[in-house]
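Asks: The sequence and its predicted three-dimensional model are supplied below.
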Amino acid sequence: MSTIFSGMWRFLHWGPITALSIIKVITLTALYMNSMWWPPNASLGGFFNQGLFLMLSSLATFNYVMATLTGPGLLPKKWKPKNPSDVDQLQFCKICQGYKAPRSHHCRKCNRCVKKMDHHCPWINHCVGWANHAYFTYFLTFAILGSFQASIILGFSFYRGVHRYWYLTHGYTHLATVQFTMASIIMNIIATGLAIGVVIALGMLLYIQLKSILKNQTSIEMWIVEKAIYRHYCNPDDDDFVYPYDLGWRENLRQVFSKRLVAAGQGIVWPVLDGCDQYTLTREQIAQKAEKRARTKTYRCIRPATGRFLPLFSQGLRVCLSPPCTDESRIRLEPGDVIKVTRFRQHWLFGERVVCDAELNMPDLQRKGPIRGWFPRRCAIELIQPEDYFDQSDDEADSGGYSQSELMTKSTAELNSIPNGVPNMCNKSLVNGGSKSQNQNGQRKKNK
Ligand SMILES: [Zn+2]
Ligand SMILES: [Zn+2]
């Protein structure tokens, strides 16, 4: 329990402050209007109407608070499987200094590996994952139902309020119960807009969540499965990929909403289909990473990039007129940064800045902002390296790359021993471009 309350600081963030304010504005305005439109002390119907609304509002608030305080379940730092030989089938997280358990992913916002991570939700200022998936889904459900009822209360009150004069002059005085002031009519309009907005936005989110729960597939796993199907389609000789966690909708629902089943396995060991094992999905992830690395090119920054979406003054009109049509982040770069690029546009590149060991270990040196995103192509040049020239450990590449100093040292030292005739297309220093240490089964080859 004390660990739950130690998460109170998470409410001091724009996400929870905004979300709780919206809940309170809708609740208090609806209660105030309801007291005039259908007073709970005047009839049994009014009593039940208000009772139901209070219950939905309280349940939404309770589940919201619990989703934030409980959190998704963080994988312990330096985690490793019980059987040491299993590490070959797992990815390594350099930041947490441990292996990623099946279904765990590293969240850059929480800066930890999260069990069965679905997504990082800024509104609860935490990830949604193994331990709080049920609370989060209950919150969405009660918030939608409560906001729907609030929009009905507010809508009818508004109608009665603006027709008050007509009721009084036509003999319907018993209907002229809603009396507006300037403040209350403004609050009614704001709260109605918020309530309808909540129903639409959270309704879409609940639809996505229920789809994900019924298939027992988090948003991240949906993306992995999509790539797996495509990968196996392109390699017909491989066995078909079977997603191991879909045990049928009833069992899938139970895995999220049954307290006993949530506790079983501690978010690390999962029941799987016959013919699959605990590492079916992690092996597929490793194989996908290996293919991605084969496509990856290494660039070095030669001009600073500001990380802005429209860097008009620093990069010029041509770069701004052909931006990547996505809201993915833009990264800030400084000359000398090394970037592993995986997507290419005419004037923009998408990649991940290689974080050096010093930056990882010393908080003072850590730069603000994302390390993965788009940047103008003219800010960097490609570093060409003959393939297979020297190898690079997968562990390092998996976890955001390898040490920049190591890279520089290697490139300079190895450069001196490169035989004549090695292509040096850009007339730049040569740096290792990728890893070849992945064998056919997607298993990790240790080269340390
Ligand atoms: Zn991690
Ligand atoms: Zn997170």
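Replies: Cool, got the structure. Residues are numbered from 1 along each chain as shown. Ligands and ions are numbered 1, 2, ... in the order given.

Asks: from here on, contacts and neighbour counts on C-alpha atoms
Replies: Fine.

Asks: which parts of this structure sit against ligand 1?
Replies: Applying C-alpha under 5 Å from the ion, we find that the chain lies next to ligand 1 at C93, C96, H106, R112, C113.

Asks: Beta-bridge partners for the first one, please?
Replies: Translated: C93. Per DSSP bridges, the residues bridged to C93 are G98.

Asks: tell me what the helix of greatest length in the chain is packed against?
Replies: Ranked by residue count under DSSP state H, the longest helix found in the chain is helix 182-214. When contacts are defined as 3 or more C-alpha pairs under 8 Å, 6 or more residues apart in numbering; DSSP states H and E, helix 182-214 packs onto helix 14-37, helix 133-162, helix 249-257.

Asks: same thing but 10 Å
Replies: helix 14-37, helix 133-162, helix 219-234, helix 249-257 (3 or more C-alpha pairs under 10 Å, 6 or more residues apart in numbering; DSSP states H and E).

Asks: what's near enough to touch the residue lying closest to T27 once chain neighbours are set aside?
Replies: With C-alpha to C-alpha, 6 or more residues apart in numbering as the criterion, T27 has its nearest non-adjacent residue at 6.8 Å, and that residue is S57. Listed by C-alpha atoms under 10 Å, 6 or more residues apart in numbering, the contact partners of S57 are 23-24, 26-27, 51, 139, 142-147, 150.

Asks: re the thing from before, to the chain's geometric centre, what's the distance from the longest helix of the chain?
Replies: 21 Å (C-alpha atoms, centre = their mean, to the nearest Å).

Asks: how much does it deviate in direction from helix 133-162?
Replies: 150 degrees (axes from the mean of the first three to the mean of the last three C-alpha atoms, to 10 degrees).

Asks: what comes up buried for helix 182-214?
Replies: 185, 187-188, 191-192, 194-199, 202-203, 206, 209, 212-214 (16 or more other C-alpha atoms under 10 Å).

Asks: Tell me how far Q278 lies from ligand 2.
Replies: 24 Å (C-alpha to the ion, to the nearest Å).

Asks: Relative to V269, how far out is that residue?
Replies: 7 Å (C-alpha to C-alpha, to the nearest Å).

Asks: which of these two has more neighbours?
Replies: Q278 (20 against 12; other C-alpha atoms under 10 Å).

Asks: secondary structure class for the more buried one?
Replies: coil (DSSP: H, G, I helix; E, B strand; the rest coil).

Asks: Next, the contact list for it, please.
Replies: Applying C-alpha under 10 Å, 6+ apart to Q278 gives the contacts D86, Q89, A101, P102, R103, P244, Y245, I268, V269, W270, P271, V272.

Asks: and the residue nearest the centre of the chain, backbone torsions?
Replies: The chain has H119 as the residue nearest its centroid, 3.2 Å off, counting by C-alpha atoms, centre = their mean. Backbone torsions for H119, taken as degrees, to the nearest 10, come to phi -160, psi 160.

Asks: re the thing from before, please identify the most buried of the helices and strands packed on helix 182-214.
Replies: Counting by mean count of other C-alpha atoms under 10 Å, helix 133-162 has the highest mean neighbour count of the helices and strands packed on helix 182-214, with a mean of 22.

Asks: who does that helix touch, helix- and strand-wise?
Replies: helix 14-37, helix 44-70, strand 126-128, helix 164-169, helix 182-214, helix 249-257, helix 259-263.

Asks: which stretches of the chain aren't confidently modelled?
Replies: 1-6, 385-448 (pLDDT under 70).

Asks: so how far is ligand 1 from the residue lying farthest from the centre of it?
Replies: Distance from the C-alpha centroid of the chain peaks at G171, with 58.0 Å (C-alpha atoms, centre = their mean). Going from G171 to ligand 1 by C-alpha to the ion gives 70 Å.

Asks: Out of the contacts of S57, which two are the most distant from each other?
Replies: G51 and F139 (18.2 Å; C-alpha to C-alpha).

Asks: Can you get me the start-to-end distance on stretch 7-15?
Replies: 15 Å.

Asks: now that stretch, how far from the centre of its chain.
Replies: The answer for stretch 7-15 is 17 Å, by C-alpha atoms, centre = their mean.

Asks: Give the buried residues for it.
Replies: So for stretch 7-15, counting by 16+ other C-alpha under 10 Å, buried means R10, F11, G15.

Asks: Determine the set of other helices and strands touching the helix or strand hosting R293.
Replies: Using DSSP states H and E, R293 sits within helix 280-295. Judged by 3+ C-alpha pairs under 10 Å, 6+ apart, the packing partners of helix 280-295 are helix 219-234, strand 338-344, helix 394-398.

Asks: Which one, of the ones you listed, ends up nearest to M66?
Replies: helix 219-234 (21.5 Å).

Asks: how about the closest one, does it get close to ligand 2?
Replies: No. Using C-alpha under 5 Å from the ion, helix 219-234 stays clear of ligand 2, coming no nearer than 12.9 Å.

Asks: Out of the buried residues of stretch 7-15, the closest to V65 would be?
Replies: Nearest to V65 out of those is F11 (C-alpha to C-alpha; 8.9 Å).

Asks: Skip the chain neighbours and tell me the closest residue to the closest one.
Replies: For F11, the closest residue by C-alpha to C-alpha, 6+ apart turns out to be I17, at 6.5 Å.
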